[in-house]
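Colleague: what follows is a predicted structure for the sequence shown.
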Amino acid sequence: SNPFSSLNLPGDVRSEQQHQQQKVSNQSSGPSYRKDQYFSKGQSRGERGRGRGAWQGGHQSVSEEMPKYITVSTFAQARAAEINAMLKAVSQKSSNSLVFQTLPRHMRRRAMSHNIKRLPRRLQEMARKEAEKAVHQKKEQSKTKCRKARRRHINLVAEFNHRQRKNIWLETHIWHAKRFHMVKKWGYCLGNSPTEKSYRACYRAMTKHCLLQDLSYYCCLELKGKENELLKQLARMCSTDAGLTFQEAHCLSGRFEGSLNLYRADRYPEDMLGPVTFIWKPWDGSENRQLWIWVHPALKQDILKELKAIFQCSEPEEICITEPVTTSTQEEKQVEVVTSLGNKRKKEDKEGEKAVPVKKIIGDGTRDPFQSYSWIAQTTGIVISDRSMEILRYRLIGPLSHSVLTETLKAASIQTVRKLTELNNWWVENCKDSEKISLHQCQSAIFQLLEGMSSPSEMPPGTILGLTVGDPRVNLPKKKTKAVPDFEKYQDNDKVRQLYLKGVPLDCAHSFIWDHDICKNVTENKISEQDLNHMRAQLLVPGSHLDLGPCESKIPILLVQQPGKLAGEDRPGWGSGWDIYLPKGWGMAFWIPFIYRGVRVGGLQEALKHSEYQRTPHTPNDFPDCQAGMQFARELETSLLEKFKRRPPAKRANYVKLGTLSPFICPWGQLTKNWEGRMKASGGFLCPSSLHPESCTTEDATHEGSNSIGITREENIESSGLSEKLLMQLSAWCYPTAGKDQRIRLISQLGQKEMTEDVFLPILMSYPRALVWVNLSLLRKGNPELHAMICIPTEDDLLHLGKDKLFCGPQEPKHRDIFKDKIKKQKEEKKKKKRKDNVKSLEGDPSDIPDKEATEDCEDLILGLWSDALPDVTSHCSRTVLGYVTQGDFSLAAGCGEALGFVSLTGLIYMLHNQPADKKGLVLLRTPASLQYRFARLNIEV
């Protein structure tokens, strides 16, 4: 009840009292506390009063008055807790803002961020704590984070060496990284393709001018020992049936480079290791010889392991720690400066000692000081050394590559005066020998004769020329120029003709690059770019020629001619060029002068196209019978499968309906096994296949070989173990003729036999599971793709082609997807299972666990891919499968679609035996994502 309601007050006074009553009732009651916190049990809030004349609140009853007394200790504790909470809230920031940012905007000043005294005194202590906390949070190298410090040469080198611990950089890596798409392969970081549009430009460079590639990632294995011991063991890894061996006379002398395929010891034609190239050091009169074997990095470990096994080499007891290599004395001083600095850039190892990062040349991260790179045989004394990245290798491809060489490189001048430094000491010692001076002059004269040649293919294949040249950076032109040959100078020179016919003399193949000490001296005493630019700046006439005199570096190099396309009749010598071998540390010193002569640079994709236009197998893509080729195929299958899964089912091809059993990998083991089974089933002779086109579209047709046939990539496939004589025989049989008389005359000219059962049946028995490297050219339009199927045309297809010359080819009937219902059923079961699990989880029953087997089966089945074991791959489609394509594209060289791949030797003989004479070598090509077959011409180039 309102106490004012019983009083009779005037109207103004009553309204004033009602206003005061409403104001008091709306006021906050202050902090809340429990009723019994400050009062005893019998005491209530209503017993408290403010004296006799105290008023009582509007809605408060008389019983809720203030207490007459309180407990002081309890009340003080409660108030102290509230005061502490208030002070803590005031002292701590509730946001990430700084102290001066909490001030009103009109009180803020710019100097407050770095001058604490500009803040109000009540905030200065908090600002001081913030500043101390920020200092502790900074990293130790915070002062070197500015760009100027990061771009210092010594810091850059340390950073680059740190970044190439997993993937090694070439010396030209930074140049490539700015202009190429980089990929990480085989433990290296390599340029894949240029960022600019240069597909046709690179082809024109290979055809008309010069293309430059950095092949320094190729691995060099060096063998030293007695010649007889080396040849005796190396003969176990190769065979004369497959071509050249290490004992070839013109290669053993050191005049020419050789190439061959290596196999495991005494396992030919099985267990292939891969292709290699080799160079013998020219014989110097001693019984010890030196051999370089150049291998692809994907093949290095297998070949090195086999070499150590056959020579019985053991690990060295003491590991020789190589000294850090520096490019100049100035860089050595920079390393000393880093050691004398504070602890900012010094790293601490596990033992707590401060270690300075070792200074290394960019791209020289291959040498782990705690890993051995040399192995010795205790019985024979043969030494195997890994000289990977110790010798750089560049390749110049194109008809004008020798012109680029002659304009870029100049023969070193004779020097007989010794300098105070170690620069060119080895050259001064050799110049004192008159025989070596005459040899150097002979090499220089032959090198100058290269300028008058129209193409490197005019030289004998694999010619080797040793040379010592001066620093190519001295002859750098002001602008980029295009190197062209000077035909007027050597047009009627007899020496050029003798060079065509006889090649380079044996003595001129010698080079000082074989000597490890000389290579080390050349690398360590290289003049830095900074010193060279400083000398250019001191020239009286800016831009004039810089003559270093005796201070100019002398670099030993080795030039090896690459013959280009040798097999076949069209485009002979296409893709020929020169390989140049350099000591390490001189990569960019030779690279930039080559660029200034107008060459175009290519990457891994250009190397692949170079092999495709030459119609030669590319390493390791086209070697399915070696471990590196199998590994490449598995990685490619994984990447293509992931790309296939990223697309929705409606936007990707259904390969089951298209009749493509294996769209992402070539089942070579399955193919050869099926053809071998067909031969055995027919009693040694192959009968024509009578499969109906629709026979493989039903599910029952797959039960015949599903239990016993699978993808076995480890099967013994003999892709490159066929003899050269047999390949020439097959090549002659593939050649079509218009009449039988012309064909017999052609075969008699080649010295081959006519195709009869007595001739080819022994071949089938000897090589039942062999693969043959073939090239295919499309007769009409079409663009062959990777993993396209090479099939045998039927008699009706050949008759239709004879009647209609514009007939492109037949079409494959559409297959039925036998896995579609199974996948749909499993998806429905998975949805039901998911709903049931959701209901049980809502009910709180976590006991049921989803069935893992059903989930795995549903994940294994992919819509559009064959999910069971592969059936007979040869008879799955309406046209019998003969082989698969490993490289295919539109060829700018031929002007039509071209493809390279392997076919089964058994299937090839079967096809050629049943084809008419004028249709020999005609096959059908079908890409994995198409039903259209297209006619192509099959050739075997030897």
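Modeller: Right, received. Where do you want to start? Keep in mind that what you see is a predicted model, and the values were worked out from it rather than measured. Numbers count the residues shown, from 1 in each chain.

Colleague: where does pLDDT dip in the protein?
Modeller: 1-64, 93-95, 136-145, 316-372, 419-421, 487, 489-492, 683-721, 737-752, 843-860 (pLDDT under 70).

Colleague: how about the longest strand along it: buried residues?
Modeller: Longest strand of the chain, by residue count under DSSP state E: strand 881-891. The neighbour-count criterion (16 or more other Cβ atoms under 10 Å) identifies Val881, Leu882, Gly883, Tyr884, Val885, Thr886, Gln887, Gly888, Asp889, Ser891 as the buried residues of strand 881-891. The way it works is simple: take the backbone N, C-alpha and C, and place the C-beta from them, glycine included.

Colleague: what about stretch 266-281, start to end distance?
Modeller: 26 Å (Cα to Cα, to the nearest Å).

Colleague: which SS state does Ile580 fall under?
Modeller: strand (DSSP: H, G, I helix; E, B strand; the rest coil).

Colleague: which non-adjacent residue is nearest it?
Modeller: In space, Ile580 comes closest to Tyr394 once its chain neighbours are excluded; the distance is 4.9 Å by Cβ to Cβ, 6 or more residues apart in numbering.

Colleague: now the strands: where do they sit in the stretch 401-550 of the chain?
Modeller: For the stretch 401-550 of the chain, strands defined by DSSP state E, counting those that start in this stretch occupy the ranges 464-470.

Colleague: oh sorry, the question was meant for the stretch 751-900 of the chain
Modeller: Shown for the stretch 751-900 of the chain, the strands assigned by DSSP E, counting those that start in this stretch span residues 771-778, 789-791, 881-891, 896-904.

Colleague: list the pairing partners of the last one within its sheet, with orientation.
Modeller: Strand pairing for strand 896-904, using DSSP bridges, gives strand 771-778 (antiparallel), strand 881-891 (antiparallel).

Colleague: for the ones you listed, could you give me a markdown table that also reports distance to Asp386?
Modeller: Converted to a markdown table, those look like this (distance: least, Cβ to Cβ, whole Å):
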| stretch | distance to Asp386 |
| --- | --- |
| strand 771-778 | 30 |
| strand 881-891 | 30 |
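
Colleague: the ones you listed: which one's closest to Asp797?
Modeller: strand 881-891 (13.7 Å; Cβ to Cβ).

Colleague: can you pull the buried residues of stretch 775-791?
Modeller: By 16+ other Cβ under 10 Å, the buried positions in stretch 775-791 come out as 775-779, 782-791.

Colleague: same question but for stretch 647-656, I mixed them up
Modeller: Arg652, Ala653, Asn654, Tyr655, Val656.

Colleague: C-alpha coordinates for that stretch, PDB please?
Modeller: Presented in PDB, the C-alpha positions along stretch 647-656 are these (Å, rounded to 0.1, in the frame of the first residue of the first chain):
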ATOM      1  CA  ARG A 647      35.100 -34.500 -62.200                       C
ATOM      2  CA  PRO A 648      31.500 -35.300 -61.500                       C
ATOM      3  CA  PRO A 649      30.200 -38.600 -63.100                       C
ATOM      4  CA  ALA A 650      28.200 -36.600 -65.600                       C
ATOM      5  CA  LYS A 651      31.200 -34.700 -66.800                       C
ATOM      6  CA  ARG A 652      33.700 -37.500 -67.400                       C
ATOM      7  CA  ALA A 653      33.900 -40.500 -69.700                       C
ATOM      8  CA  ASN A 654      32.500 -43.800 -68.900                       C
ATOM      9  CA  TYR A 655      35.300 -46.100 -69.900                       C
ATOM     10  CA  VAL A 656      33.300 -49.300 -69.300                       C
END
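
Colleague: ok, back up a step: closest to Val157 out of the strands paired with strand 896-904?
Modeller: Closest of the strands paired with strand 896-904 to Val157 is strand 881-891, at 39.9 Å (criterion: Cβ to Cβ).

Colleague: now the helix or strand harbouring Lys133: buried residues?
Modeller: Per DSSP states H and E: Lys133 is located in helix 121-137. Under the neighbour-count criterion of 16+ other Cβ under 10 Å, helix 121-137 has Met126, Ala127 buried.

Colleague: also stretch 220-240?
Modeller: For stretch 220-240, by 16+ other Cβ under 10 Å, it's 220-225, 227, 229-230, 233-234, 237-239.

Colleague: can you get me a residue count around Gly549?
Modeller: 8 (other Cβ atoms under 10 Å).

Colleague: including secondary structure and distance to Glu488, could the buried residues of stretch 647-656 go into TSV?
Modeller: Formatted as TSV, the buried residues of stretch 647-656 follow (DSSP: H, G, I helix; E, B strand; the rest coil; distance: Cβ to Cβ, whole Å):
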residue	secondary structure	distance to Glu488
Arg652	coil	61
Ala653	coil	59
Asn654	coil	65
Tyr655	coil	61
Val656	coil	66
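
Colleague: what's the closest of these to Gly462?
Modeller: Tyr655 (44.4 Å).

Colleague: what residues does that closest one make contact with?
Modeller: The contact partners of Tyr655, taken as Cβ atoms under 8 Å, 6 or more residues apart in numbering, are Leu661, Pro663, Gly864, Leu865, Trp866, Pro928, Ala929.

Colleague: buried subset of these?
Modeller: For those, buried by 16+ other Cβ under 10 Å: Leu661, Pro663, Gly864, Leu865, Trp866, Pro928.

Colleague: hang on, the earlier thing: the residue nearest to Ile580 and Gln729, how far apart?
Modeller: Plainly put, Tyr394 is 39 Å away from Gln729 if you go by Cβ to Cβ, to the nearest Å.

Colleague: more neighbours, those two?
Modeller: Ranked by neighbour count (other Cβ under 10 Å), Tyr394 and Gln729 place Gln729 first, with 23 against 20.

Colleague: my guess is that one contacts Lys753. True?
Modeller: Yes - using Cβ atoms under 8 Å, Gln729 is in contact with Lys753, at 6.9 Å.

Colleague: show me where the stretch 51-200 of the chain has its helices.
Modeller: For the stretch 51-200 of the chain, the helices defined by DSSP state H, counting those that start in this stretch occupy 72-91, 121-137, 147-150, 153-163, 173-177, 199-208.

Colleague: to Arg110, which of the strands of the stretch 751-900 of the chain lies closest?
Modeller: Here strand 881-891 is closest among these (Cβ to Cβ), at 64.5 Å.

Colleague: is the closest residue to Gly191 other than its chain neighbours bridged to anything, and to what?
Modeller: When the adjacent residues along the chain are set aside, Gly191 lies closest to Phe180, with 3.4 Å between them (Cβ to Cβ, 6+ apart). Bridge pairing for Phe180 (DSSP bridges) gives the partners Pro194.

Colleague: now the closest residue to His545 other than its chain neighbours: how far from Ser553?
Modeller: Nearest residue to His545 in three dimensions, chain neighbours excluded: Val474, at 7.5 Å (Cβ to Cβ, 6+ apart). Distance of Val474 to Ser553, computed by Cβ to Cβ: 9 Å.

Colleague: and Lys502, how many residues sit next to it?
Modeller: 9.

Colleague: try the one 4 residues further on
Modeller: Counted by other Cβ under 10 Å, the residues lying close to Leu506 total 14.

Colleague: and if you look at Gln811?
Modeller: 12.

Colleague: hey, what's it bridged with?
Modeller: Bridge pairing for Gln811 - DSSP bridges - gives Gln932.

Colleague: shift numbering so it begins at 10
Modeller: Shifting the count to begin at 10 puts that one at Gln820.

Colleague: need the contact list for it.
Modeller: Neighbours of Gln820 in contact, by Cβ under 8 Å, 6+ apart: Leu940, Gln941, Tyr942.

Colleague: returning to what we had before: which of the buried ones among the contacts of Tyr664 sits closest to Leu650?
Modeller: Among the buried ones among the contacts of Tyr664, and counting by Cβ to Cβ, the member closest to Leu650 is Leu874, at 8.2 Å.

Colleague: thought that closest one was touching Val665?
Modeller: Yes - Leu874 is in contact with Val665 according to Cβ under 8 Å; the separation is 6.9 Å.
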